[in-house]
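Asks: I'll drop the sequence and a predicted model, then ask my questions.
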Amino acid sequence: MDIKSIMTRPVATVTRKTTIKEAVQKIAKKSISCVVVTEKRTPIGIFTKFDLLSVLDGGQDMVKTAMETVMHTPVMPIEENDDLFSAARQMERLEVRRFIIVDRENRLAGIVTNGNIIKAFAQRAFPYNQPLAALAQPGLTATLKTPLKKIARMMIEHRSACVVILKNNKPVGIITEGLFAKLAAKGAKPLAGTAETKMMKKFTMAENTASLRETVINMVKMKMHEIVVVASDKRHFGVITQRDLVRFIEKSQI
């Protein structure tokens, strides 16, 4: 299976002079994970929801700061005819969540994310007899009173897409990079306050004995990026993210 068959297109793009604010508003409006910076249809950089955390933590002026000062560059794209497994292996090795896809003329053709790879393998890559407990990672946790600025720094330091908020060791909310993007797009001082003031109270949980395969299929259908795993008494057990699933696919060599 080649990349072209699963990649997302068209891709949301911006220019090097687009401000951070404008880019974040586009990310929030389209519910996407990133924008690609292009010049004459050639990708020259990328800006993601995770990159926004560093911008917020550093106190940069989102209205005045342009993409060219914060985008990731140089871009390391892959071609649309490359093999899907090769892309999964590179994602794991480089610890990235997406690849920019180009055609033979190095023009932007699409983008492949963790979600694209998981969707391609959801029906066959995850055995019925595998419980969530086998794949769940401890993940990052915080309390209701943890400052949002501290949570953002935790996510940056551990390169994590989410933090689970606990009360009496039971999940009551979640903070994600997507939430920070939505808050920033609204100009709502994303890092002000504590977890309980802005956390998402609606999130998906599953017991650690649940079927991995069925859970992954549901994640694909509902476009979920992470799932909180709990024990039978509803106490926090761990979390499974899209990155964990891609790592599983890559190691399984299915």
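Replies: Good, I have the coordinates.
Asks: after the helix or strand of the chain with the lowest mean pLDDT comes which helix or strand?
Replies: Every helix and strand of the chain was ranked by mean pLDDT, DSSP states H and E. The lowest is helix 84-94, at a mean of 78. Downstream of helix 84-94, the next assigned helix or strand under DSSP states H and E is strand 98-102.
Asks: orientation of the helix or strand following that next one relative to helix 84-94 in degrees?
Replies: Heading C-terminal from strand 98-102, the first helix or strand you meet, by DSSP H and E, is strand 108-113. Computed with axes from the mean of the first three to the mean of the last three CA atoms, to 10 degrees, the direction of strand 108-113 lies at 70 degrees from that of helix 84-94.
Asks: What is strand 108-113 packed up against?
Replies: Applying 3 or more CB pairs under 8 Å, 6 or more residues apart in numbering; DSSP states H and E, we find strand 108-113 packed against strand 34-39, strand 98-102. Bear in mind the C-beta positions are built from the backbone N, C-alpha and C, glycine included.
Asks: For stretch 200-216, what is the distance to the chain centroid?
Replies: 17 Å (CA atoms, centre = their mean, to the nearest Å).
Asks: and if you look at stretch 209-226?
Replies: Per CA atoms, centre = their mean, the centroid offset for stretch 209-226 relative to its chain is 15 Å.
Asks: What residues sit buried inside it?
Replies: 210-213, 215-220, 224-226 (16 or more other CB atoms under 10 Å).
Asks: what residues does that stretch touch?
Replies: Applying CB atoms under 8 Å, 6 or more residues apart in numbering, the contact partners of stretch 209-226 are 115, 118-119, 122-123, 125-135, 161-162, 174, 176, 178, 204, 206, 227, 232, 239-242, 245.
Asks: show me where the protein has helices.
Replies: For the chain, the helices defined by DSSP state H cover 20-30, 49-58, 84-94, 114-121, 148-158, 177-185, 195-198, 212-222, 242-252.
Asks: which secondary structure elements does the third one contact?
Replies: Spelled out, that is helix 84-94. Judged by 3+ CB pairs under 8 Å, 6+ apart, the packing partners of helix 84-94 are strand 78-79, strand 98-102, helix 114-121, helix 242-252.
Asks: for these, which one sits closest to Leu140?
Replies: Proximity to Leu140, assessed across the helices and strands packed on helix 84-94 by CB to CB, is greatest for helix 242-252 (13.2 Å).
Asks: Show me what the closest one is packed up against.
Replies: helix 84-94, helix 114-121, helix 212-222.
Asks: Nearest to Met62, out of the ones you listed?
Replies: Nearest to Met62, of all the helices and strands packed on helix 242-252, is helix 114-121, at 26.0 Å by CB to CB.
Asks: could you check the angle strand 98-102 makes with that closest one?
Replies: 80 degrees.
Asks: Measure how helix 114-121 sits relative to helix 212-222, angle-wise.
Replies: Using the same axes, to 10 degrees, the direction of helix 114-121 lies 120 degrees away from that of helix 212-222.
Asks: could I get helix 114-121 in CSV with only the CA atoms?
Replies: C-alpha atoms of helix 114-121 as CSV (Å, rounded to 0.1, in the frame of the first residue of the first chain):
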residue,chain,number,x,y,z
ASN,A,114,-0.9,9.0,12.7
GLY,A,115,-4.7,8.9,12.2
ASN,A,116,-4.4,8.1,8.5
ILE,A,117,-2.1,5.1,9.2
ILE,A,118,-4.4,3.8,12.0
LYS,A,119,-7.4,4.1,9.8
ALA,A,120,-5.7,2.1,7.1
PHE,A,121,-4.9,-0.8,9.5
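Asks: So for that helix, mean pLDDT?
Replies: Averaged across helix 114-121, pLDDT comes to 84.
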